[in-house]
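In: coords please:
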Amino acid sequence: MAPGPTTVPLTVARVATVARTVAPMVARAGDVTDSAGVPAGWSADADRPALRRCVGVEPAVFADEHWGRRPLLTPAGGLPKGFDDLLTPAGVDELLSRRGLRTPFLRMARNGSVHGSSQFTGGGGVGAEVADQVADDKVARLFADGSTLVLQGLHRLWPPLIEFAGQLGVDLGHPAQINAYVTPPSAQGFAAHYDVHDVFVLQLAGQKRWLVHEPVHLDPLRGQPWDQRADAVAARARETPLIEEILSPGDALYLPRGYLHSAKALGEVSAHLTVGIHVLTRHAIAEALLRLAGNAPDMRTTLPLGIDAADPDQLAPHLAETVEALVRTLRAADPAAVARIVRDRVWSGTRPEPLGPLAQAAAARSVAAGTRVRLRAGLRHRLHPAGDRVLLDVPGDQLSLPASTGPALAALLTGAPRALGELPGLDLADQTVLVRRLLRAGILVPVDGSGTSA
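Out: A predicted model of the protein is given here:
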């Protein structure tokens, strides 16, 4: 599908062709129906607004046919709207010149070689005694000479992307991060490589030719980066690509982890967002099980004095005993305990909606009948009974509350705005105490008359 000398407009029909014939389903050993796609309890009716901005198929189709399996290329015409509301070239200039960025929030590279940070940073000046603040004049010179800008961690820096990444993490159930790549005309920042996380590529400005090749290592884990297989990657990159396409503003490309890719700007500055999805894997479950295995006394037994750990014959009997002990431990594992460990990994990787500490304190002080509040967007939580109490788990904390607050908590946790005085099961005084506590804990946020955060 190599493009001709002029850009051929992308169409929905071409997207379907790419998805079905160029990037076939990758078979996996031990696959089950919902292992990569649709989990039990997954609602096909959920809106998933952030995901819909990235793919031109229904979320259920994406989950079943593409998620973790095969690429999906969607033209601008197959998406709800473009990406100008997320980041523009003017926004890039603001980040580089007025936001006081420091490393590692910026990297610069040219032809596959990453520049040392001293080439584009300097001192912060009077009152900012730091040595690694981004120097806009140095950046401008390197960019003019053909170096690509990589703005990292924008899901923590740029308000529209903070909101977008938070919603996408909720839509997918896996944490998201966002980087921006800005490439000078006809330049290439990085050679062919693969990522250890899934990515959505969202083209912001200019055009970029993308080459995508089949994996050399299927479903790589975080400890299995592409440079461990550099020779195989280089050899695969010389083969005919699965996808060779030009992305224009508003186009989107989904790549599961492991797919090789490289991109080169055409005759103008090109900018795109790379939304990295740090997917949960079965290996994460195995890591959780191993953590729990440390609770078993026979898994903590000291090996004999003077053992030579390099000698397979000396290690063999202890290996056999350990395997037996591990199997016993794994078979007795409590799914709830495993879920807590895996849950904490997801919850710590996704930040909820920002809140204003001063506004929160003021809202908690002024709680009264009619005060409107809602659940903090993107906040992961779990409510469950415990005798005469209910426990509300949130990232890094657990609130223990009287069981009588259960109906009111359930109403608040739906995410819909609620007015104090209308919560079920509690009188006004108890509602006031509950809402004030949840505001102070950053679980609820105040809502103004228009239905948005105050």
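
In: neighbours around Pro185, how many?
Out: 12 (other Cβ atoms under 10 Å). C-betas here are computed from N, CA, C, even on glycine.

In: which SS state does it fall under?
Out: Secondary structure assignment for Pro185 (DSSP: H, G, I helix; E, B strand; the rest coil): coil.

In: thought it was touching Lys208?
Out: No: in terms of Cβ atoms under 8 Å, Pro185 does not count as a neighbour of Lys208; the distance is 10.8 Å.

In: which neighbours do those two share?
Out: Between them, Pro185 and Lys208 share these contacting residues under Cβ atoms under 8 Å, 6 or more residues apart in numbering: 265-266, 270.

In: In the stretch 1-150 of the chain, mark out all the strands, start to finish.
Out: Taking DSSP state E, counting those that start in this stretch, the strands of the stretch 1-150 of the chain run over residues 72-74, 106-110, 113-114, 121-122, 133-134, 148-151.

In: Identify each buried residue in stretch 88-98, please.
Out: Judged by neighbour count using 16 or more other Cβ atoms under 10 Å, the buried positions of stretch 88-98 are 91-92, 95-96.

In: Name the residues that touch that stretch?
Out: 101, 106, 134, 136, 139, 149, 151, 154, 157-158, 180, 182, 204-205, 269, 271.

In: hang on, Ala429 in a strand?
Out: No: in this structure, Ala429 is helix, not part of a strand, as judged by three-state DSSP.

In: what about it, how many neighbours?
Out: Neighbour count of Ala429, defined by other Cβ under 10 Å: 8.

In: where does it land on pLDDT?
Out: Per-residue pLDDT puts Ala429 at 96.

In: now swap in Ser43 and tell me
Out: So, for Ser43, pLDDT stands at 61.

In: now the one 10 residues further on
Out: In this prediction, Arg53 carries a pLDDT score of 97.

In: can you check Thr329 too?
Out: Here, the pLDDT recorded for Thr329 equals 89.

In: how far out from the middle of the chain is the helix or strand hosting it?
Out: Using DSSP states H and E, Thr329 sits in helix 312-331. Centroid displacement of helix 312-331 relative to its chain, using Cα atoms, centre = their mean, to the nearest Å, is 37 Å.

In: With just CA atoms, put that helix into CSV.
Out: What follows is helix 312-331, C-alpha atoms only, in CSV (Å, rounded to 0.1, in the frame of the first residue of the first chain):
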residue,chain,number,x,y,z
PRO,A,312,22.9,-26.8,39.0
ASP,A,313,23.3,-30.1,40.9
GLN,A,314,23.3,-28.4,44.3
LEU,A,315,20.4,-26.2,43.4
ALA,A,316,18.3,-28.9,41.8
PRO,A,317,16.7,-30.4,44.9
HIS,A,318,15.9,-27.0,46.4
LEU,A,319,14.4,-26.0,43.0
ALA,A,320,12.1,-29.0,43.1
GLU,A,321,11.0,-28.4,46.7
THR,A,322,10.4,-24.7,45.9
VAL,A,323,8.3,-25.6,42.8
GLU,A,324,6.1,-27.9,45.0
ALA,A,325,5.7,-25.3,47.7
LEU,A,326,4.9,-22.6,45.1
VAL,A,327,2.3,-24.8,43.4
ARG,A,328,0.6,-25.3,46.8
THR,A,329,0.6,-21.6,47.5
LEU,A,330,-0.7,-20.6,44.1
ARG,A,331,-3.6,-23.1,44.3
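
In: In that helix, which residues are buried?
Out: Those would be 322, 325-326, 329, for helix 312-331 by 16+ other Cβ under 10 Å.

In: Please enumerate the helices of the protein.
Out: 12-17, 49-52, 59-65, 89-98, 136-144, 159-172, 230-237, 282-293, 312-331, 335-349, 357-365, 406-412, 428-440 (DSSP state H).

In: Let me know which of those is tucked in deepest.
Out: Among these, helix 159-172 has the highest mean neighbour count (mean count of other Cβ atoms under 10 Å), at a mean of 21.

In: Run through who's touching it.
Out: For helix 159-172, contacts defined as Cβ under 8 Å, 6+ apart pick out 46, 48-51, 53-54, 59, 85-87, 154-156, 175-178, 273, 275, 277, 349-354, 377-378.

In: circling back to that earlier point, pipe the helices of the chain into JSON lines and attach distance to Thr121 per row.
Out: Output for the helices of the chain, formatted as JSON lines (distance: least, Cβ to Cβ, whole Å):
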{"stretch": "helix 12-17", "distance to Thr121": "41"}
{"stretch": "helix 49-52", "distance to Thr121": "32"}
{"stretch": "helix 59-65", "distance to Thr121": "40"}
{"stretch": "helix 89-98", "distance to Thr121": "11"}
{"stretch": "helix 136-144", "distance to Thr121": "7"}
{"stretch": "helix 159-172", "distance to Thr121": "22"}
{"stretch": "helix 230-237", "distance to Thr121": "28"}
{"stretch": "helix 282-293", "distance to Thr121": "35"}
{"stretch": "helix 312-331", "distance to Thr121": "48"}
{"stretch": "helix 335-349", "distance to Thr121": "27"}
{"stretch": "helix 357-365", "distance to Thr121": "30"}
{"stretch": "helix 406-412", "distance to Thr121": "45"}
{"stretch": "helix 428-440", "distance to Thr121": "39"}
